[in-house]
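Trainee: test case, fold it:
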Amino acid sequence: MSDGNMRPDGPCANTAGGTGRQTAVVVGGGLAGSTAALALADAGLDVTLLEGRPRLGGLAFSFKRGDLTIDNGQHVYLRCCTAYRWFLDRIDGTALSPLQERLDVPVLDADRNRLGRLRRTALPVPLHLAASLATYPHLSLAERANVGRAALALKGLDPGDPALDERDFGSWLAEHGQSRRAIEALWDLVGVATLNAVAGESSLGLAAMVFKTGLLSEPGAADIGWARVPLGDLHDTLARKALDSAGVRTELRARVTSISRTENGRWSVEVPGERITADTVVLAVPQRETYDLLPDGALDDAERLLAIGTAPILNLHVVYDRKVLKRPFFTALGSPVQWVFDRTEASGLTEGQYLAVSQSAAQDEIDEPVAVLRERYLPEFERLLPAARGAKVLDFFVTRERTATFAPAPGVGALRPTARTNAPGLYLAGAWTATGWPATMESAVRSGVSAADAALAALDRPRGHLFREAA
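Mentor: Presented below is the predicted three-dimensional model:
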């Protein structure tokens, strides 16, 4: 079971530890749960973290394939992701997941065999992107001008306006003069990767939040960061070390079966072979699992959790016998290929090159057989990367996250619950809760911050210094 503090023996043990301190149980060891557990422990609570899997990290994890360590999918963050950056700092992982000095995205048009770049300067917003947009070869002069006008209109929107949540981003773009090419070559290039949906299937409110925060807030807001080590080194190994150091008792393979109130108003959390009582419980699990565990009356309309849809992400993994890509990553137009990252060094590969391909909004392909995907995508890699044409494919495999994110469809904002529930001492966390962000690592950490913040406020407990910065 645990690498943390050992629990008392007995199926009905109370994990208060005999200290007389206030206690908390966090259910779920993804980024949201780990964040909540760290924040509560830093504030002086006795915390138990329960995770049903044999690892921490949720849907941002690693696994072994032969001698290689593989991430289930490519995850990135932006400089504007202040909460996730706090989390990296809190677990001593910042140096292992650095940011670009300045935004620089190579964009390869497969049909025209032409490379463009989305780059920023140090000039103030919106001039920081002006030079890049003016020379962006994938749009006409008129399309570039229209993009600038739409960006200014987007800057004037309030992402928190409920009316925007009811509209789709695609129709708004069309109303503001955006051609199909502009949507493909710019708006969806960013939006699909961050929202996990095309513009026509995305809430205008969420899209406005993404573009305003990432591209129209500060010059460096959209600089990209990604792990140069396996995700498991960060979200499992380093996170568990930080949790242990904070005094959190971490139990793996501990799936919670029920949560209920005790006669004295505390909470009872059931796992096989043990009942844990606590003053505070944070549910940091997906929306369906949350629905199943919620006590009656905890939310006014718990059924709305089931109305929050999910969206898949498909990840393709290709190992070549030689180097075929010189850049650390690129994104493609005119091809089914979306974003491609070089994961050779991070995986431990010593000969050849390993490329990871992240395919968001993959509803049409998520259940395709590996053989079909191989036949479809390997020729695309050869079309995009001439060096791949003479290279031998040593391995080709697929990882699938069928419920990778919540679907950012119009109306989803009204369905996402806040951290607080109607039940005193019970709180919700998860990227799908009402953070204002799409389902990203940033949203997950923010939700953990919000849940811990609400719990500590109810307990009249101060928050730690770093925690205040993240909030």
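
Trainee: show me the helices in the stretch 251-400 of the chain, by range?
Mentor: All helices of the stretch 251-400 of the chain, identified by DSSP state H, counting those that start in this stretch, fall at 287-293, 344-347, 370-384.

Trainee: for the host helix or strand of Gly205, packing partners?
Mentor: Under the criterion DSSP states H and E, the helix or strand holding Gly205 is helix 204-215. In terms of contacts (3 or more Cβ pairs under 8 Å, 6 or more residues apart in numbering; DSSP states H and E), helix 204-215 is packed against helix 141-155, helix 162-165, helix 169-175, helix 188-195. No exception for glycine: its C-beta is placed from N, CA and C like everyone else's.

Trainee: one more time with 6 Å, if that's ok
Mentor: The contact analysis (3 or more Cβ pairs under 6 Å, 6 or more residues apart in numbering; DSSP states H and E) places helix 204-215 against helix 162-165, helix 169-175.

Trainee: for the record, mean pLDDT for the helix or strand that comes right after that helix?
Mentor: Using DSSP H and E, the next helix or strand after helix 204-215 towards the C-terminus is strand 224-226. Strand 224-226 carries an average pLDDT of 98.

Trainee: just for the stretch 1-150 of the chain, where's the confidence low?
Mentor: 1-19 (pLDDT under 70).

Trainee: strands of that one, residue ranges please.
Mentor: Applying DSSP state E, counting those that start in this stretch to the stretch 1-150 of the chain gives strands spanning 23-27, 46-50, 62-65, 68-71, 76-78, 104-109, 114-119.

Trainee: before we move on, what about the stretch 301-450 of the chain?
Mentor: All strands of the stretch 301-450 of the chain, identified by DSSP E, counting those that start in this stretch, fall at 310-320, 329-333, 339-342, 353-360, 393-406, 426-428.

Trainee: pull out the buried positions in the fifth one.
Mentor: Which is strand 393-406. For strand 393-406, the neighbour count (16 or more other Cβ atoms under 10 Å) marks 396, 398-401, 404-406 as buried.

Trainee: ditto for the second one
Mentor: Applying a neighbour-count criterion of 16+ other Cβ under 10 Å, one finds 329-333 buried in strand 329-333.

Trainee: what do you get for the shortest one?
Mentor: Neighbour counts using 16+ other Cβ under 10 Å place 426-428 of strand 426-428 among the buried residues.

Trainee: what sits against the closest residue in space to Leu215 that isn't next to it in sequence?
Mentor: Once flanking residues are discounted, Leu215 sits nearest to Ala222: 5.4 Å by Cβ to Cβ, 6 or more residues apart in numbering. Listed by Cβ atoms under 6 Å, 6 or more residues apart in numbering, the contact set of Ala222 reads 78, 103, 214-215.

Trainee: and which of the buried residues of strand 329-333 is nearest to Asp342?
Mentor: Set against Asp342, the nearest of those by Cβ to Cβ is Phe329 (6.7 Å).

Trainee: so the closest one sits right up against Phe341, yeah?
Mentor: Yes. The criterion here is Cβ atoms under 6 Å, and Phe329 meets it with Phe341 at 4.4 Å.

Trainee: could you measure from the spatially closest residue to Gln338 that is not a sequence neighbour over to Thr403?
Mentor: Ranked by Cβ to Cβ, 6+ apart and with sequence neighbours excluded, the top spatial neighbour of Gln338 is Gln359, at 5.4 Å. Per Cβ to Cβ, to the nearest Å, Gln359 is found 15 Å from Thr403.

Trainee: distance of Ala130 relative to Leu123?
Mentor: In terms of Cβ to Cβ, Ala130 sits 7 Å off from Leu123.

Trainee: those two: who's more crowded?
Mentor: The neighbour count for Ala130 versus Leu123, taken as other Cβ atoms under 10 Å, is higher for Ala130 (15 against 12).

Trainee: measure the more buried one to Arg119 for me?
Mentor: As judged by Cβ to Cβ, Ala130 and Arg119 stand 11 Å apart.
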